Structure formats: structure tokens, C-alpha cells
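K.L.:
fold the stuff below for me.
(chains A and B)
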Protein chains: 2
Amino acid sequence: MSFFDSRWVPRPDHVVDSGAAGGLPAGFRAGSAAASIKTPGVLDVGLLVCDAPDVVSAARFTRSGVLAAPVIVTRDHARVDALRVVVANSGNANAATGPAGMDVAFAMQRAAAVSAGVATDAVAVASTGVIGVPLDADVVAAGIADAASALDATGDVAFNEAIMTTDAFPKRASLVVRLPSGEIRLSAQAKGAGMIEPAFATMLCFVQTDAALSAETADLLLGVCVKRSFDRISVDGQLSTNDTVILQCSGASGVRVAPESEDERAFGIALDALLRMLALLIVRDGEGAARIGRVLVHGGDPIAVERSARAVANSPLVKAALHGADPNWGRIAQAVGMALGGREPRQAPLALDIDIEGIAVCRDGAAVAYDAEALDAAARAKEIEYEVRIGPAHPEGAETEVFFSDLSHEYVTINAEYTT
Amino acid sequence: MSFFDSRWVPRPDHVVDSGAAGGLPAGFRAGSAAASIKTPGVLDVGLLVCDAPDVVSAARFTRSGVLAAPVIVTRDHARVDALRVVVANSGNANAATGPAGMDVAFAMQRAAAVSAGVATDAVAVASTGVIGVPLDADVVAAGIADAASALDATGDVAFNEAIMTTDAFPKRASLVVRLPSGEIRLSAQAKGAGMIEPAFATMLCFVQTDAALSAETADLLLGVCVKRSFDRISVDGQLSTNDTVILQCSGASGVRVAPESEDERAFGIALDALLRMLALLIVRDGEGAARIGRVLVHGGDPIAVERSARAVANSPLVKAALHGADPNWGRIAQAVGMALGGREPRQAPLALDIDIEGIAVCRDGAAVAYDAEALDAAARAKEIEYEVRIGPAHPEGAETEVFFSDLSHEYVTINAEYTT
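P.N.:
This is a model prediction of the structure:
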């Protein structure tokens, strides 16, 4: 099966999926270890090393007001534009752990630096798992040493396993990208399933390429692509304390991606498709997800459009209806009404249009006649598209999308019965 | 069992519950009918009439951007300070029904006015149920005529039934209130269970008293009490298109509640307790609710406090943990972090304190040692209290509360499997 298996993220023509075997771009090695942070014998520490001393990197972090120690260490105590190494663990988020947690995150950074032979501030730290529980620095350090001894150019498959928590399947790709100036490689390992043992919707994503990018170009492209991928998904509307995305560029291919070049455009398209597909996989993994939805909102001002899309994607009513293959468009209207309501009563009725899978169900705020059988059949697909117009149509109107999981019994089971 | 059966809403000393038999204050009659809007034979149309020509009333409506026709008719085409009659139906919300729906709401208003012998603009209209489906004006009109022939001073019990949809139990009280100037009566009928057939969390509440209030006093007291009751609850964070609260004062007791008097204070306390208890009953009815929570947030500025309380109350993670009696405080920290996050990264860690049922679990953003067995036992109660401090303690700091239901399998079943 191809990595690009959603109608919403077609494979760009100049991108070739290297398949399930994995493999990192030139200049990268990864290693993993089972340090008994999770279940004994299960991989839970990963190390990802770029061998190029002149590596270029970029990063994005959660916007939560409560930041986990590894996020603070990476953001404030590492050179985010020159990260040689990523050290990550699963099974413990090292969040809400106070000054002692900061010490552990610093210790992880130092241990990884020593193991890989790089400066301490060239190391990014990432954690995911239970929060409010101390993480043992010695246990992780032993895992890091083990992982360092396992470094390999095809270590990405095991590295992906090492960062998983409740993920039902790995989220990983190794791509060959044909840029006008030459062929480069692009790989990524992500994790995220909506709910993490036992607390958070943490998503981590590490991206590697052997293309040569300036720090400015790497930061710009990563920023734009994260906005179009991980910023546009919702499993349960819950922002994590630990979200981290890192792009590392080794330059080992010799192909340089110059600003505003055709190479940059082609690289951007590939990175965009890669991150959007990984984001969709996270939505698809949302515990118990039977199907996923995409809501496309347009016609209003940017804030109204964004609020409406989020309200639909995060509505437990819409999500439960999606789960039950119930084309209940009234819940879409209600969510949009909530998003656009306010202290001041609206004087004119909202000009609201709703289509489900291309079938018009609501025009100008009122129900219209539709083929109920066709709609029911469409609602049983694995991917459902909702289109919402909240204002007059014009080509310059704001438009946005959010991909979201359904709300299932499994979601309740996993999150209600974790400790019982 | 007493109406006031929650530790969060103690019965005020000057309030006596008249018990389950019901009964309206002097000057009020109610009637109901089975018009086959819902299941044939089940009450689905209710009429509530104040016989005093100089009635005083006040109302509050949903702030949704998508308003149902009955809300528009009542808000914009009735004298909300002099409502003699309330006509309500269940089984159809008359929402997203366009101009035809407006015509039906106007027809209901006219039919009720004729049946009760009052001016058309003295009639409030309320509907709850399925949306986007035409409501038959003739069917409702026949129901209104039937209900008018059943008007009775103890008709409140049946009236409450007539406005129920998926409610598992009625929500109603008949109280005697001892004001300094004399005894008055206060009654109310409410509906709301989180999820209504099949779409909305509509809540309706109709309140009657035989005390005499000025229109200004009625509006002021209703506004304050709604803010402290129905504005502070969340079953699933979904604002309805149809929410309506109406207070009618017949003055038939002869006891006048003057502005800024001790009578006003005592009346306000009674109305506050009545609406808060009804609001709690709605939360308790949230489909499949095993237990309910109260989150109390203080220490920050008012906006931060409000956002944090809503984020906790609406978090599916917190709600699922509440359902499973899981004292998972990490989810509280995560929700507050999300509420207080933003585009600009926070420089200093958040000074976050969390207590569950009086047991300190988090201080200054970090886990503290606590008696896990005691906490587990506390988490199995029917009502769980979460206290969150998000800033320095000082007596003038903002403080707010939200009551919320849990997230259960039944919730998913009801909302995923309605049409299948």
C-alpha cells in the first residue's frame, strides 16, 4: 500500500515512496533501545543523529501554557537552527515535574551529546507519555547509550517504534524527491493517536533530508507546512504540553534548495504532502476511529472561518455522528451557530450553506430537499467531506480546513478506564 | 427526596420545597396535549398561562449565531417584559427551517393567543427537538387547542413532561419562599439532558412566581441568576439554537418585591438556588452520566479564569476520566495549559495548583506527594470537585465555576447511533 492513500493528499508527481523498508537520507543514522520506561523489552528510547557538522534545522513546538521540561530545554537551551541530534523517549512525558524534571531533560541532552560526540546545545530532547511522574535520569541515560551503539542508516523503523505510545500503527515515510537540480531524499517519523498513556494528545514528528537548505528556508518551509498539516487536525481538540516537530537537513546529497527557486517550490510541495499525510495518519489513529472527516469552511472573514471549522471539528455531536455514519447536518449548523454567536444578538439570519460529500443539505440557513439514500450511502465512507459556506461567495473569501477523528466507544474506554 | 439534594446547592433557610406533587403559584395555569409531534400519545405541546393582565416578565435566549424561528419570534415579536403565555412544543426544534419555519412559529404564537384570549405579542414561543425538519402548523395548532382545554393550576407536572425530549427525568420544583414582607410561591419547569433528539443540547426553563416585581427587577434578577446557573454548566460544550429562559410574575400574592429591599435579596437567593439546582439536574441528566464535576478556578485575571474553567469542563479527557472515576489530574493541567497558551511562547512556567476533593495533587506546576488511596476513593463519589489556582492568591482575584457531566459510552451510543 502506498504511503499516500487518501484522496485528500495525492502523491505529487515528483515524489516516489521508497516503501515500507524505511531508510534515512544520506548523513543520518538512528538507533533505539528498550530502557524499561514503558513495558520491559519494548523500545522506548530513540536517538537520531546527523553526521554533517554543518547541519541546518528548524523546529516548532506546542503553544500550550504548560510546557513539558524537554520542550523548554530544546526551545531555550539548544540551537534550534543547528540541531545535530534528537533524543526522544516514550512512556513518560516529563511534564508537570518541576525543577527536578528540568534536571532530567538537561541530563538527557548531555547524555545524548556525549554519546553522539556533539555539543550539548546541538541536541533536541523530546518526551511523550504519562505526566506528573518523575522520569529516572539514569534509566534514560542507559537507554541513550544503548541506542547510540545501535545507530544505523535504516534505524528509522525502530526509532519510530521507540516514540510510539498508544499508537495503533507506525507513522513513517521514506521518500525520493526529484527536484529540478537533482534527486534528494526525505524521511519522517511521527507519533500521535489522540490520547497518550494516560494523558495527552502529544504528537512528535522528526523529518530528515539530505538536501541543503539555509536555516531561513528550512524555518520558512517547516512553518508553512506545519500550519497546513499538524495545525489542521483534531482528534479531541486537546493541545499537548509536549508537541514537537523538527526538520534536519544534512546537505549530503549536494543538491542545494535556493530561496525562491523551482527547487524550493518542489521541495515545499513534497514536504507539504509528507506532513499532511502524516497528520492524516494521526487523525486516522485517533483511538477507535472508524472514519475521519474533513470540514472545509469558506465565505466569511478569516476569524469566523477558523472558528467555525474548529467548532465543527471539535463538536462531540458531529464526531459521534461521524462515528455512527449519521449524516446529521443539523449538528454542523449548531456548531457553526455556536462559533459565530456572541453577546450581541445577530440581527439577520446567517446565510449558511452545508454540503456533505457534495450533496447540498442546507441552503441559506434552511433545509433543502436531498436524496436521503444517497446521503446515507455517502456517510458510510471512510473519509467524509463537509463543506460549509458562512457568507457570500467570492474568490478572495477566507477558506480553511480541519481534519478530525470521530468519537467512538473505544475513545471513552481508553480514556475512562485507564487506571481502573 | 428533597429537590435540593446537592452539596453545591444547599436549600436556603427561607425556602420550603412543596414536594413532588407540583402546583403553580397563584395566577398561573398550565395545560398539555399529545399532538403526535413526537411519538403518538406522548405529551408534546404545553401551554402556560398567567391570568393576571398586568403580568411582568423577563427572558434570556441563546447567543447562538444560528437562531431557531421560535427564538426570533419571541425575542423580536413579543413583549418580553409582559408575557402572559408560553407555548412550547417538543419533538421538533423548528430550527434551520427558513421562512416557512418563521411562519409556523408565528402561527403557534397566534393560536396560543386566541386559545388563551390574550394579545399575540403577549405570547412566547419555544421549541425543542429535531432540526431542519418542517413543523406542521396545523398539528401544533390542534395541540394548542387541546392544551388550552386542559389548563389547570396543577398542570405544571404534565407541562414539564410535554417539553421533555431525551430527558431521563423531569426537572421541576414548586417552592414556598418566606420573604420579610410575606410568603410567596415560586415554581419552575426545565428540560435539557445534553443531547436532544437528535441534535441539540437545548435547555428550556420556565419560571413562575406570584410575587409582584417590576420589569426592571425581574430582568435584573433573572439575568444574574441565569449567569450563575445555566451559564455555568456544560454537558458537551455545545450551545443550542433554541435555549430559552422565561420568568413570569403574576403579582397575585400581593407581596411586592421592591428594588434593593430585603425582599429582593431573599427572592434573589431563592431564585438563584432554584435555577442552580435545575442547572445541576441538567448536568446530572447528561446522557449516561455516572458522576458530575465542579471545577472552581481562581487566582488569575477574569478572562484566564473563565477560559481555564471552560477548557477543563469541556475536555473530553477530563470528562472521560470523571466517568471512569480516574483522578487523572494531568488532564486538568493539560486543559489549563491549552486554555492559557497562545501564539507567543510563555517565558515563565505557569504557577498552577490543583486540588481534587481537597487533596493537593499539583503545586506550582509540579506533582506533589499525595495519598493515592484517599484520592482514588474520593474520585468514586457522585460529585467531584476540582479546584484550580492559576495565579497568585489574593482576595480580589477572579474566580469562577463550571459544572459538567462526564463522557460516557451511553453518550456515544445515543449520539452515534440515532439514525442507524
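
K.L.:
could I get the CA-only coordinates of stretch A:359-366 as PDB?
P.N.:
C-alpha atoms of stretch A:359-366 as PDB (Å, rounded to 0.1, in the frame of the first residue of the first chain):
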ATOM      1  CA  ILE A 359     -24.800  16.700  -1.600                       C
ATOM      2  CA  ALA A 360     -26.500  20.000  -0.700                       C
ATOM      3  CA  VAL A 361     -28.400  19.600   2.600                       C
ATOM      4  CA  CYS A 362     -28.800  23.300   3.700                       C
ATOM      5  CA  ARG A 363     -29.000  26.500   1.800                       C
ATOM      6  CA  ASP A 364     -29.300  30.000   3.300                       C
ATOM      7  CA  GLY A 365     -29.800  28.500   6.800                       C
ATOM      8  CA  ALA A 366     -32.700  26.200   5.900                       C
END
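
K.L.:
avg pLDDT for that stretch?
P.N.:
Averaged over stretch A:359-366, pLDDT sits at 92.

K.L.:
and A:Ser115, what pLDDT?
P.N.:
In this model, A:Ser115 carries a pLDDT of 97.

K.L.:
OK, contacts around it?
P.N.:
Contact analysis of A:Ser115 by CB atoms under 8 Å, 6 or more residues apart in numbering or on different chains lists A:47, A:144-145, A:147-148. From N, CA and C alone the C-beta is placed, and that goes for glycine too.

K.L.:
out of the residues you listed, list just those in helices.
P.N.:
Residues of the contacts of A:Ser115 located in helices (DSSP state H): A:144-145, A:147-148.

K.L.:
any low-confidence regions in the stretch 51-200 of chain A?
P.N.:
A:194-200 (pLDDT under 70).

K.L.:
quick one, helices of it?
P.N.:
Along the stretch 51-200 of chain A, the segments classed as helices by DSSP state H, counting those that start in this stretch run A:69-77, A:98-116, A:137-148, A:156-162.

K.L.:
picking up where we left off before, most neighbours of all the contacts of A:Ser115, which one?
P.N.:
A:Ala147 (32 neighbours; other CB atoms under 10 Å in any protein chain shown).

K.L.:
thinking again about what came up before, ok, which pair from the ones in helices among the contacts of A:Ser115 is furthest apart?
P.N.:
A:Ala145 and A:Ala147 (7.4 Å; CB to CB).

K.L.:
overlap of the contact sets of these two?
P.N.:
In contact with both A:Ala145 and A:Ala147: A:33, A:115, using CB under 8 Å, 6+ apart.

K.L.:
residues from the stretch 251-400 of chain A in reach of chain B?
P.N.:
A:315-317, A:320-321, A:323-331, A:333-343, A:345-346, A:349-350, A:352, A:361-362, A:364-367 (CB under 8 Å from any CB of the partner chain).

K.L.:
try 6 Å this time
P.N.:
A:316-317, A:320, A:323-324, A:326, A:330-331, A:333-334, A:337-338, A:340-341, A:346, A:350, A:366-367 (CB under 6 Å from any CB of the partner chain).

K.L.:
in the sheet, who's paired with A:Glu385?
P.N.:
Beta bridges link A:Glu385 to A:Arg294, judged by DSSP bridges.

K.L.:
what's the closest non-adjacent residue to A:Ser253?
P.N.:
A:Asp210 (3.9 Å; CB to CB, 6 or more residues apart in numbering or on different chains).

K.L.:
who are the contact partners of that neighbour?
P.N.:
A:25-27, A:184-185, A:250, A:252-253 (CB atoms under 6 Å, 6 or more residues apart in numbering or on different chains).

K.L.:
same question for A:Ser32.
P.N.:
Here A:Ser32 is in contact with A:43, A:46, A:147, A:158-159, A:162 (criterion: CB under 6 Å, 6+ apart).

K.L.:
and of those, the nearest to chain B?
P.N.:
A:Ala162 (22.0 Å; CB to the nearest CB).

K.L.:
any idea what sits nearest A:Ala374, other than its immediate chain neighbours?
P.N.:
A:Ile359 (6.2 Å).

K.L.:
check contacts around A:Glu262.
P.N.:
Contacts of A:Glu262 by CB under 6 Å, 6+ apart are A:Pro180.

K.L.:
how about 8 Å then?
P.N.:
Shown in contact with A:Glu262 (CB under 8 Å, 6+ apart): A:179-180.

K.L.:
for A:Pro180, see how far away it is.
P.N.:
5 Å (CB to CB, to the nearest Å).

K.L.:
then A:Thr166?
P.N.:
Where A:Pro180 is concerned, A:Thr166 sits at a distance of 42 Å (CB to CB).

K.L.:
neighbour count winner among these two?
P.N.:
A:Thr166 (18 against 11).

K.L.:
isn't that one right next to A:Ala193, touching?
P.N.:
Yes: between A:Thr166 and A:Ala193 there is a contact at 5.0 Å, judged by CB atoms under 8 Å.

K.L.:
and whichever strand or helix holds A:Ala339, what's buried?
P.N.:
According to DSSP states H and E, A:Ala339 maps onto helix A:330-340. Neighbour-count burial for helix A:330-340, counted by 16 or more other CB atoms under 10 Å in any protein chain shown, picks out A:330-340.

K.L.:
of those residues, which is the nearest to B:Val73?
P.N.:
A:Gly337 (17.0 Å).

K.L.:
how far is stretch A:115-131 from where the chain is centred?
P.N.:
Distance of stretch A:115-131 from its chain centroid, counting by CA atoms, centre = their mean, to the nearest Å, is 19 Å.

K.L.:
actually stretch A:167-185, sorry about that
P.N.:
16 Å.

K.L.:
return the set of buried residues in it.
P.N.:
So for stretch A:167-185, counting by 16+ other CB under 10 Å, buried means A:167, A:170-177, A:179, A:181, A:184-185.

K.L.:
same question for stretch A:148-167.
P.N.:
Taking 16+ other CB under 10 Å as the criterion, stretch A:148-167 shows A:148, A:150-151, A:155-167 as buried.

K.L.:
just the CA trace of it, in CSV.
P.N.:
C-alpha atoms of stretch A:148-167 as CSV (Å, rounded to 0.1, in the frame of the first residue of the first chain):
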residue,chain,number,x,y,z
ALA,A,148,23.9,5.1,20.4
SER,A,149,25.5,1.7,19.9
ALA,A,150,22.7,0.7,17.5
LEU,A,151,23.0,3.8,15.2
ASP,A,152,22.3,2.8,11.6
ALA,A,153,21.1,4.3,8.3
THR,A,154,18.0,2.1,8.4
GLY,A,155,17.3,2.7,12.1
ASP,A,156,14.3,4.9,11.4
VAL,A,157,11.9,2.0,11.6
ALA,A,158,12.9,1.1,15.1
PHE,A,159,13.2,4.8,16.0
ASN,A,160,9.5,5.2,15.0
GLU,A,161,8.6,2.3,17.3
ALA,A,162,10.6,3.8,20.2
ILE,A,163,8.5,7.0,20.1
MET,A,164,5.1,5.3,20.0
THR,A,165,2.8,5.2,23.0
THR,A,166,-0.9,4.2,22.3
ASP,A,167,-0.3,4.5,18.5
